[in-house]
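# no sequence on hand, only this structure:
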């Protein structure tokens with residue numbers, strides 16, 4: 001039974017990876033999502049992690065970097081300068 005579950009899990013993971021790679025083209029410039037909205041999403045994730053006691057070191061670092069960028073005036077940028 002364990003082997004069957006492991007195989008099914010591996011097959012599902014390979015399908016989801018293939019779908020996610022093909023559906024997310026690597027086009028980042030110009031940005032198409034305001035930094036302030038992305039920062040809000042990351043803040044919500046870090047708040048939830050804190051509430052549940054889940055260490056989120058990299059998420060906290062990303063939130064700090066995004067907050068700094070917002071404070072520099074980039075929060076409403078949705079197109080290349």
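Everything's here; your move. No experiment lies behind these values; they were computed from the predicted model shown.
# which is the next helix or strand following the helix or strand hosting residue 44?
In the assignment (DSSP states H and E), residue 44 maps to helix 35-52. Sequence-wise, the next helix or strand downstream of helix 35-52 (DSSP H and E) is helix 57-69.
# so what secondary structure elements neighbour that next one?
In terms of contacts (3 or more Cβ pairs under 8 Å, 6 or more residues apart in numbering; DSSP states H and E), helix 57-69 is packed against helix 35-52. The C-beta positions use only the backbone N, C-alpha and C, and glycine is treated the same way.
# report the angle between the helix it packs on and helix 57-69.
Orientation of helix 35-52 against helix 57-69 (axes from the mean of the first three to the mean of the last three Cα atoms, to 10 degrees) gives an angle of 140 degrees.
# and the contacts of helix 35-52?
54-56, 59-60, 62-63, 66-67, 69-70, 74-77 (Cβ atoms under 8 Å, 6 or more residues apart in numbering).
# low pLDDT regions in the protein?
1-25, 28-32, 79-81 (pLDDT under 70).
# try 90 this time
1-34, 74-81 (pLDDT under 90).
# got a PyMOL select line for the buried ones in the contacts of helix 35-52?
In PyMOL, a selection of the buried entries from the contacts of helix 35-52 looks like this (16 or more other Cβ atoms under 10 Å):
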select buried, resi 56+59+62+63+66+67+69+70+75
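# return the member of the contacts of helix 35-52 nearest to residue 27.
residue 77 (15.9 Å; Cβ to Cβ).
# one step back: which of the contacts of helix 35-52 sit farthest apart?
55 and 76 (31.7 Å).
# which single one of the contacts of helix 35-52 is nearest to residue 26?
Closest to residue 26, out of all of those and judged by Cβ to Cβ, is residue 62, at 18.5 Å.
# for that closest one, which non-adjacent residue is spatially closest?
residue 42 (5.8 Å; Cβ to Cβ, 6 or more residues apart in numbering).
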